[in-house]
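Chemist: Compute the structure for the input listed below.
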Amino acid sequence: MMLTPNLLNLTRLSLCASACAVLVACAAVPEQSTAGQKSAAEIADIMLPKPDANGSYLFWTPEEQLVGYRNIEKIYKTRVIEAGGSPRQLPVSPQRLSVSYEYKGETWNIDTFMKRNNVAGMMVMHKGMVTLEEYRLGYGPGQRWTSFSVGKSISSTLAGVAIKDGYIDSVDDPVTKYLPGLKGSGYDGVSLRQIFNMTSGVKWSEDYADPKSDVGRIRSAVADSDPDAMVSYMSKLPREAEPGTKFSYKTGETHLIGSIVRAATGKHLADYLSEKIWKPYGMEADAYWMLDSVGNEYAGCCISATLRDFARFGLFFLNGAKVGEARVVEDSWIQQATAPSSADKGYGYQWWLTDGPAYYASGIFGQNIWIDPSRDLIIVTQSAYPTATDAASEAAFNGFVEAVTAKYPQ
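Modeler: Below you'll find the predicted structure:
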């Protein structure tokens, strides 16, 4: 039923100092405190992990992940995505989801899946009602967890909003119309549509295990040939194929989507997201968006928000990207965004596609917003996989999704 993202299988460096052992113990203790004593989470959060030489989180130990993912705003520079004062209620179904299924010769249930897949938070919504909300690993309601590439789907939606608002004329506009710093580069003749579905033909390395890959080095990019650090970095990349003929997953191109939206609207992405979706749709908490070296949001990743607010974003998109009765994107946007390109059947406008009606936002280390319109179903996970694109963990996630969708027939 599903197509697994066409990302690289990677290995990961894992070092564990004695301080990390303390973090493991802290993460395993229930988050309770008495007067004058710090809770396990408070103790762990003092010991924040540090970015590597490239400013990256890709090589954090498992123990550092559990602390770092929920404290991004304390480690990196971020911009607040402000929420409003009236949170959208998420009604709870009287029938809690329960699943028991066979997976690789064993009987799994919700607890098995969360434990084996290092899932910190998970929510399932069916027909607009919460049928499951679970937390583990020292994480809890009201806390934030980073999104990684789940943020790509949010960024592409913001581009759709900018088109609806008249800031961007068409997905068939050349990228250089909005980002003149790319003139004379591999992006000459590339359209916005080809950026959205990652078929620009520009060469890029998305190897999370290699600090010298493009995805590893772009975090340390500085503005030299252009005031926008992302434009400056991407303008130096060579072309390897004709635009529109080859799909190649490129986080850097989602960063360019952010640059396009900023250039067209004159607004910070966090402010625009707050104005158009976060506040009016009723997100319950402020979120944080990680910033690059010149103070622009990394559009390709790294929005830190609560589990419930990521579920609300899934609900927003599933229900037509509407605030009240008003659609904030063009009527055809969702259909366009979840349709494959001519070069790849598994990817739309920054959404992963399946061989059925479902599609999903996906981030490294196990972050997902799974949307199945045919079942009115949303599954959100926030995890800490052992590697960025861990094949075993991804397979287990797919197995869980199959078990859940079997509970909710079309």
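Chemist: residue ranges for the strands of the stretch 151-300 of the chain, please.
Modeler: Taking DSSP state E, counting those that start in this stretch to define them, one finds strands in the stretch 151-300 of the chain at 287-290.
Chemist: Any stretches of it with poor pLDDT?
Modeler: Of all residues in the stretch 151-300 of the chain, none has pLDDT under 70.
Chemist: now the helices: where do they sit in it?
Modeler: 192-196, 214-217, 229-234, 251-265, 269-273, 279-281 (DSSP state H, counting those that start in this stretch).
Chemist: which SS class is Gly121?
Modeler: strand (DSSP: H, G, I helix; E, B strand; the rest coil).
Chemist: Am I right that it is in contact with Tyr139?
Modeler: Yes: contact criterion CB atoms under 8 Å: Gly121 and Tyr139 qualify, at 5.5 Å. Where you see a C-beta, it was placed from the backbone N, CA and C, and this is true even at glycine.
Chemist: Between those two, which is the more surrounded one?
Modeler: Taking other CB atoms under 10 Å, Gly121 and Tyr139 do not tie; Gly121 has more neighbours (26 against 21).
Chemist: give me every residue that touches that one.
Modeler: Gly121 makes contacts with Glu134, Tyr135, Arg136, Tyr139, Trp145, Leu307, Val380, Thr381, Gln382, as judged by CB atoms under 8 Å, 6 or more residues apart in numbering.
Chemist: Scan the chain for its longest helix.
Modeler: helix 391-407 (DSSP state H).
Chemist: quick one: which of the contacts of Gly121 is most hemmed in?
Modeler: Tallying neighbours with other CB under 10 Å puts Gln382 at the head of the contacts of Gly121, with 31 neighbours.
Chemist: Now that residue: which helix or strand?
Modeler: strand 377-383 (DSSP states H and E).
Chemist: How much space separates the nearest residue to Asp372 once chain neighbours are set aside from Arg88?
Modeler: Nearest non-adjacent residue to Asp372, counting by CB to CB, 6 or more residues apart in numbering: Ala358, 4.0 Å away. Note on Ala358: its distance to Arg88, by CB to CB, to the nearest Å, is 23 Å.
Chemist: Give me the more crowded residue out of the two.
Modeler: Neighbour count, other CB under 10 Å: between Ala358 and Arg88, Ala358 has more, with 22 against 15.
Chemist: Hmm, the more buried one is touching Asp376, no?
Modeler: No: under the criterion of CB under 8 Å, Ala358 makes no contact with Asp376, lying 11.5 Å away.
Chemist: hmm, back to that, can you lay out the helices of the stretch 151-300 of the chain as CSV showing distance to Val67 and mean neighbour count?
Modeler: Shown next, in CSV, are the helices of the stretch 151-300 of the chain (distance: least, CB to CB, whole Å; neighbours: other CB atoms under 10 Å):
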stretch, distance to Val67, mean neighbour count
helix 192-196, 34, 24
helix 214-217, 22, 20
helix 229-234, 27, 25
helix 251-265, 24, 24
helix 269-273, 23, 23
helix 279-281, 29, 18
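Chemist: still on that earlier bit, for the residue nearest to Asp372, give me the pLDDT.
Modeler: pLDDT for Ala358: 98.
Chemist: who touches the most centrally placed residue in the chain in this structure?
Modeler: With distances taken as CA atoms, centre = their mean, Val150 lies nearest the centre of the chain, 1.4 Å away. For Val150, the contacting residues are Ile303, Phe310, Ala361, Ser362, Gly363, Gln367, Asn368, Ile369, by CB under 8 Å, 6+ apart.
Chemist: out of those, who has the most neighbours?
Modeler: Ile303 (32 neighbours).
Chemist: wait, doesn't it sit right on Arg144?
Modeler: No: at 9.1 Å, Ile303 and Arg144 do not qualify as touching, with contact defined as CB under 8 Å.
Chemist: list the residues that contact both of these two?
Modeler: Ala287, Tyr288.
Chemist: from the contacts of Gly121, which is closest to Arg327?
Modeler: Ranked by distance to Arg327 (CB to CB), the contacts of Gly121 are led by Val380 at 22.6 Å.
Chemist: in the sheet, who's paired with that closest one?
Modeler: With DSSP bridges as the criterion, Val380 is bridged to Met123, Ile369.
Chemist: give the contact list for it.
Modeler: So Val380 contacts Gly121, Met122, Met123, Val124, Leu307, Phe310, Ala311, Gly314, Asn368, Ile369, Trp370 (CB under 8 Å, 6+ apart).
Chemist: now these in a markdown table, with pLDDT and distance to Ala162?
Modeler: Putting the contacts of Val380 into a markdown table (pLDDT from 0 to 100; distance: CB to CB, whole Å) gives the following:
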| residue | pLDDT | distance to Ala162 |
| --- | --- | --- |
| Gly121 | 98 | 30 |
| Met122 | 98 | 32 |
| Met123 | 98 | 29 |
| Val124 | 98 | 32 |
| Leu307 | 98 | 27 |
| Phe310 | 98 | 22 |
| Ala311 | 98 | 24 |
| Gly314 | 98 | 21 |
| Asn368 | 98 | 25 |
| Ile369 | 98 | 21 |
| Trp370 | 98 | 26 |
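Chemist: any idea how far Gly366 is from the residue lying closest to Ser155 once chain neighbours are set aside?
Modeler: Leaving aside its sequence neighbours, Ser155 sits nearest to Ala299 (CB to CB, 6+ apart; 4.1 Å). Separation of Ala299 from Gly366 (CB to CB): 21 Å.
Chemist: out of the two, which sits in the more crowded spot?
Modeler: Counted by other CB under 10 Å, Ala299 and Gly366 do not tie: Ala299 has more neighbours, with 31 against 26.
Chemist: In this structure the more buried one contacts Val261, no?
Modeler: Yes: Ala299 lies in contact with Val261 (CB under 8 Å); the separation is 7.5 Å.
Chemist: Show me whatever sits in contact with both of those two.
Modeler: Ser155, Leu269.
Chemist: three-state assignment of Asp52?
Modeler: With three-state DSSP as the criterion, Asp52 was assigned coil.
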